[in-house]
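Student: Pasting the sequence and the predicted coordinates here, then a few questions.
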Protein chains: 2
Amino acid sequence: MHRPSFKLQLPEWFEEYRSRSAHAALTLADRMRLVIELSSLNIRNGTGGPFAAGIFLMDEGTLLAPGVNLVVWGGSSVFHAEIVALIGAQHKAGVFDLSSPALSPCELVTSTEPCAMCLGAIQWAGIRRLVCGARGSDAEAIGFDEGEKPQAWTEALKRRGILVERDVCRDEAVAVLKEYRTNGGIVYNAASNKKAQQ
Amino acid sequence: MHRPSFKLQLPEWFEEYRSRSAHAALTLADRMRLVIELSSLNIRNGTGGPFAAGIFLMDEGTLLAPGVNLVVWGGSSVFHAEIVALIGAQHKAGVFDLSSPALSPCELVTSTEPCAMCLGAIQWAGIRRLVCGARGSDAEAIGFDEGEKPQAWTEALKRRGILVERDVCRDEAVAVLKEYRTNGGIVYNAASNKKAQQ
């Protein structure tokens, strides 16, 4: 039986990184440092923009699935780091809802605060906590666009039972954004839009 | 070389439908009716929720790529109808930006107004027009959740150069939502969230 499918290719370096990072129990700061390292590796390997994310088991401190920005590599504007991480985690765990009782509570750690799309995706994914490095304004400062987000979006997530931690290793995350801009990284934007997308 | 990938399986009936629908030039109302038919077929084939979408070439009135809600089928909360349609269209056209000069202007036709995630995705995809059937409030009326959207989201899209048409064949779109609810369709929600996701 022919079963058509979409495929999202993942870079080889990324898969190797995932293999060696899966079993370590990490502090919150070290989870963020892992994600920031991924954002830097994504630039250096030429596979995407300066954005990375990871789904971690909150209590164990272990990585369930990482994600990097693969808009150009994956051929779709949908493939932001958070989306890649969420799909990867849900496939790995075999659930479309990460708050399934079969799974330990999950959190999304992201090198930069989520754009409008990823903020929406977070509300459906079943994560219990969102942990952010750089602020959205840091991404905007180097030319990226956050999209139209609700005002007071952190409060809106909290009302839905999703905790939010901001500014975790913010300076280290911002350093990667600046490195990308300084080195003339690709600005992948919709031509019809005024600004670059995150 | 081993190249890992995500796969999104597409139902067979969906692929057959796509094959026979690709070449007809349709009026705006008939584009919406095609999408509403897809939302109904998604229920009847047992492959997902009562939501469908399509990317059309605006001037030609032809279907570039359809999408249906595949959250359960595809194993990820990300796979809303609009997301499936956008990824499909970008892969088919070979561009991550549908506003590429190599492509005729594109529009997203959706059976129900986009949730918070899909509203964000629309801002990055390069579409020129969003055409909606049922209102978000119609989906909420049968228990689905829209997520946290900015107030005045239609105005926000217009400021970004994306036209918005609402209430196109709204009654026909709402009829499918009601059919789903009446027949006890699956409510696929994140257990940590209070309401069902769209």
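Tutor: Here it is on my side, so go on.
Student: going forward, measure contacts and count neighbours with C-alpha atoms only.
Tutor: Noted.
Student: Pull the contacting residues for the closest residue to A:M117 other than its chain neighbours.
Tutor: Nearest residue to A:M117 in three dimensions, chain neighbours excluded: B:G120, at 3.7 Å (C-alpha to C-alpha, 6 or more residues apart in numbering or on different chains). Going by C-alpha atoms under 8 Å, 6 or more residues apart in numbering or on different chains, B:G120 touches A:115-118, A:120, A:147-148.
Student: With secondary structure as extra columns, can I get the residues you listed in JSON lines?
Tutor: Shown next, in JSON lines, are these (DSSP: H, G, I helix; E, B strand; the rest coil):
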{"residue": "A:C115", "secondary structure": "coil"}
{"residue": "A:A116", "secondary structure": "helix"}
{"residue": "A:M117", "secondary structure": "helix"}
{"residue": "A:C118", "secondary structure": "helix"}
{"residue": "A:G120", "secondary structure": "helix"}
{"residue": "A:G147", "secondary structure": "coil"}
{"residue": "A:E148", "secondary structure": "coil"}
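Student: can you put those in a markdown table and add pLDDT?
Tutor: As requested, the contacts of B:G120 are exported to a markdown table (pLDDT from 0 to 100):
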| residue | pLDDT |
| --- | --- |
| A:C115 | 97 |
| A:A116 | 97 |
| A:M117 | 98 |
| A:C118 | 98 |
| A:G120 | 97 |
| A:G147 | 94 |
| A:E148 | 92 |
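Student: Now the residue nearest to A:S99 when sequence neighbours are not counted: phi and psi?
Tutor: Among residues not flanking A:S99 along the chain, A:G126 sits closest, at 4.4 Å (C-alpha to C-alpha, 6+ apart). Torsion angles at A:G126 (phi, psi; degrees, to the nearest 10) stand at phi 90, psi 20.
Student: cool, A:R31 as well?
Tutor: Dihedral angles (degrees, to the nearest 10) for A:R31: phi -60, psi -40.
Student: what's near enough to touch it?
Tutor: Contacts for A:R31 (C-alpha under 8 Å, 6+ apart) come out as A:56, A:61, A:109.
Student: Report the separation between it and B:F51.
Tutor: In this view, A:R31 and B:F51 are 37 Å apart by C-alpha to C-alpha, to the nearest Å.
Student: roughly how far apart are A:L86 and B:Q151?
Tutor: Counting by C-alpha to C-alpha, the gap from A:L86 to B:Q151 is 26 Å.
Student: Please disregard the earlier target; I meant A:V109.
Tutor: 27 Å.
Student: Show me which of the two is the more surrounded one.
Tutor: Each of A:V109 and B:Q151 has its neighbours counted (other C-alpha atoms under 10 Å in any protein chain shown); A:V109 has more, 31 against 12.
Student: ok, the closest residue to A:E60 other than its chain neighbours - how many residues close by?
Tutor: The shortest distance from A:E60 to any non-neighbouring residue, by C-alpha to C-alpha, 6+ apart, is to A:A25 (6.1 Å). If you count neighbours by other C-alpha under 10 Å, A:A25 ends up with 17.
Student: tell me the contacts of A:A25?
Tutor: A:A25 sits in contact with A:60-62, where contact means C-alpha under 8 Å, 6+ apart.
Student: if we can go back for a sec, what about the residue nearest to A:S99, how many neighbours?
Tutor: That count, for A:G126 with other C-alpha under 10 Å as the rule, works out to 27.
Student: Make sure it is actually in contact with A:L98.
Tutor: Yes. Between A:G126 and A:L98 there is a contact under C-alpha atoms under 8 Å: 4.5 Å.
Student: And the strands in chain A, which stretches?
Tutor: Secondary structure of chain A (DSSP state E): strands located at A:5-9, A:52-57, A:62-68, A:106-112, A:129-134, A:144-145, A:163-165, A:196-197.
Student: Which other helices and strands does the fifth one contact?
Tutor: It stands for strand A:129-134. strand A:106-112, strand A:163-165, helix A:170-182 (3 or more C-alpha pairs under 8 Å, 6 or more residues apart in numbering or on different chains; DSSP states H and E).
Student: The fourth one now?
Tutor: Helices and strands touching strand A:106-112, as assessed by 3+ C-alpha pairs under 8 Å, 6+ apart, comprise helix A:28-44, strand A:52-57, strand A:129-134.
Student: mind running it again at 6 Å?
Tutor: strand A:52-57, strand A:129-134 (3 or more C-alpha pairs under 6 Å, 6 or more residues apart in numbering or on different chains; DSSP states H and E).
Student: In JSON lines, list the ones you listed along with mean pLDDT and mean neighbour count.
Tutor: Listed next are the helices and strands packed on strand A:106-112 as JSON lines, based on pLDDT from 0 to 100; neighbours: other C-alpha atoms under 10 Å in any protein chain shown:
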{"stretch": "strand A:52-57", "mean pLDDT": "97", "mean neighbour count": "29"}
{"stretch": "strand A:129-134", "mean pLDDT": "98", "mean neighbour count": "24"}
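Student: Could you dump these into TSV with distance to B:S104 added?
Tutor: Output for the helices and strands packed on strand A:106-112, formatted as TSV (distance: least, C-alpha to C-alpha, whole Å):
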stretch	distance to B:S104
strand A:52-57	32
strand A:129-134	37
